[in-house]
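Asker: here is a sequence with its predicted model. Questions after.
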Amino acid sequence: MYTAAVITVSDKGYRGERVDTSGPNLVRILQEKGYDTVYTAIVPDERELIRAELIKCADELDIALVLTTGGTGFSPRDITPEATMEVVQRPTPGIAEAMRAESMKITPKGCLSRSVAGIRGRTLIINLPGSKKASQENILAVIDPVSHGLDMLYSEGSADCGK
């Protein structure tokens, strides 16, 4: 069982002006998929606060999988991907590509997601859209391959990639 964290990025959620539905829903999905969600947070759309949460999860808490929800659109305050790429050491573009491809099957607006993913140390960080529906569709598109990726990330040599 891998550990997980869910960080909601939302000005309104942080101020208590909007109920966070995507974060708790992601926690539920992770639990159903066998992850132990050991940390959750809500932060405003502020680059330094997003960065600090990601670094805390990776460097201090040694969490295997960190999901962010929110801040991936076109709004001027949507800076989650930029903050994420500032802390990532190894990008994993295929994860975001797969999520966008799956979203495009549901809505043409799926191409507008600016989500990114990458590795910091032994932590995989994945950005998800802020809506409950879109974040669920996106994580379900990649969660099974992500488990294999974590097996490789936590292996001492190379994981069994023939499976």
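Answerer: Nice, I can see it. Worth saying up front: this structure is predicted, and the values here are computed from it rather than measured. Residues are numbered from 1 along each chain as shown.
Asker: which parts of the protein are helices?
Answerer: 11-14, 22-32, 47-55, 80-87, 93-106, 132-153 (DSSP state H).
Asker: those into TSV, with extra columns for mean neighbour count, mean pLDDT and distance to residue 61?
Answerer: (C-beta placed from N, C-alpha, C; glycine too.) Below are the helices of the chain laid out as TSV (neighbours: other C-beta atoms under 10 Å; pLDDT from 0 to 100; distance: least, C-beta to C-beta, whole Å):
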stretch	mean neighbour count	mean pLDDT	distance to residue 61
helix 11-14	18	96	20
helix 22-32	18	98	15
helix 47-55	18	98	10
helix 80-87	20	98	14
helix 93-106	16	97	21
helix 132-153	18	97	15
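Asker: out of those helices, nearest to residue 120?
Answerer: Closest of the helices of the chain to residue 120 is helix 80-87, at 5.6 Å (criterion: C-beta to C-beta).
Asker: dump the helices of the chain into TSV; add distance to residue 38 as well.
Answerer: Below are those laid out as TSV (distance: least, C-beta to C-beta, whole Å):
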stretch	distance to residue 38
helix 11-14	20
helix 22-32	10
helix 47-55	14
helix 80-87	19
helix 93-106	21
helix 132-153	15
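Asker: so which of the ones you listed gets nearest residue 39?
Answerer: helix 47-55 (9.0 Å).
Asker: ok, residues contacting that closest one?
Answerer: The contact list for helix 47-55 (C-beta atoms under 8 Å, 6 or more residues apart in numbering) reads 7, 9, 41, 43, 66, 68, 71, 79-80, 82-84, 86-87, 120, 125.
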